[in-house]
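Novice: below is the sequence, then the predicted model.
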Amino acid sequence: MLADARNVMPDELKFEGDKAFFTAALDHADLILHGRNSYEDQPNSPRRRRIILTRKVDAIAPDPANPKSTLWNPASASFEVACHHAGVDAGTVAVIGGPGVFGMFMDRYDEFWLSVAPHVRLPGGEPCFPGVPARSPQDILAAHGLRAGKPQMLDAAHQVTVTPWRRIA
């Protein structure tokens with residue numbers, strides 16, 4: 001789960017090591033992609049180009065609240081067109097969710113970093129991917145042609161890890 005039953009990321013799911021890893025990854029991305037209910041709040045956030053998925057626009061529109069953001073309705077325009085509108089035609093795209101957004105790109109990821117906090121339970125929470133909890137996130141990633149790499153410890157006290165899942169060549 002990536003949020004509780006109220007669709008809020010609770011404090012018990014927030015770990016400094018995970019936050020530092022996430023922030024560093026976003027600092028190296030050329031473009032951030034997320035749903036309209038997701039956001040990232042780091043010091044560099046205002047400088048990042050982003051695409052926000054929404055059904056509130058016909059196809060593609062500038063975000064009136066942020067000059068570095070493009071609003072995108074995937075039902076009416078391709079991802080490539082949205083990227084071009086955002087001014088990014090090549091580079092690294094960081095997809096930061098939620099589940100519908102993650103699900104749209106399952107067959108396109110070159111790499112997906114899955115953080116796991118094994119001692120946190122969020123009954124009735126927002127799953128990270130469509131199909132969770134009937135299937136594990138790991139099973140879903142593997143079913144889409146990704147293979148787990150070596151996990152990295154982010155918070156030893158809470159056993160929080162992040163594992164790279166990479167596309168099988």
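Specialist: Okay, I see it. Note that the structure is predicted; figures quoted are calculated from it, not measured.
Novice: mind listing the helices for this structure?
Specialist: 16-28, 79-86, 99-104, 137-143 (DSSP state H).
Novice: reformat the ones you listed as TSV; add distance to N7, mean neighbour count and mean pLDDT.
Specialist: C-beta coordinates here come from the backbone N, C-alpha and C atoms, glycine included. Shown next, in TSV, are the helices of the chain (distance: least, C-beta to C-beta, whole Å; neighbours: other C-beta atoms under 10 Å; pLDDT from 0 to 100):
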stretch	distance to N7	mean neighbour count	mean pLDDT
helix 16-28	19	15	93
helix 79-86	24	17	96
helix 99-104	11	18	92
helix 137-143	18	17	97
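Novice: can you redo these as a markdown table with distance to P67?
Specialist: Rendered in a markdown table, the data for the helices of the chain read as follows (distance: least, C-beta to C-beta, whole Å):
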| stretch | distance to P67 |
| --- | --- |
| helix 16-28 | 18 |
| helix 79-86 | 11 |
| helix 99-104 | 22 |
| helix 137-143 | 35 |
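Novice: and the pLDDT at the closest residue to A25 other than its chain neighbours?
Specialist: Among residues not flanking A25 along the chain, A94 sits closest, at 6.1 Å (C-beta to C-beta, 6 or more residues apart in numbering). Per-residue pLDDT puts A94 at 95.
Novice: give the contact list for A94.
Specialist: Under the criterion of C-beta atoms under 8 Å, 6 or more residues apart in numbering, the contact list for A94 reads A25, L26, A29, L31, I32, L33.
Novice: so which of the helices of the chain is nearest P62?
Specialist: P62 lies closest to helix 79-86 among the helices of the chain, at 8.3 Å (C-beta to C-beta).
Novice: packing partners for that closest one?
Specialist: strand 50-53, strand 60-63, strand 66-72 (3 or more C-beta pairs under 8 Å, 6 or more residues apart in numbering; DSSP states H and E).
Novice: buried residues, stretch 111-127. List them.
Specialist: Of all the residues in stretch 111-127, those buried under the rule 16 or more other C-beta atoms under 10 Å are F112, W113, L114, S115, V116, A117, V120, L122, G125, E126, P127.
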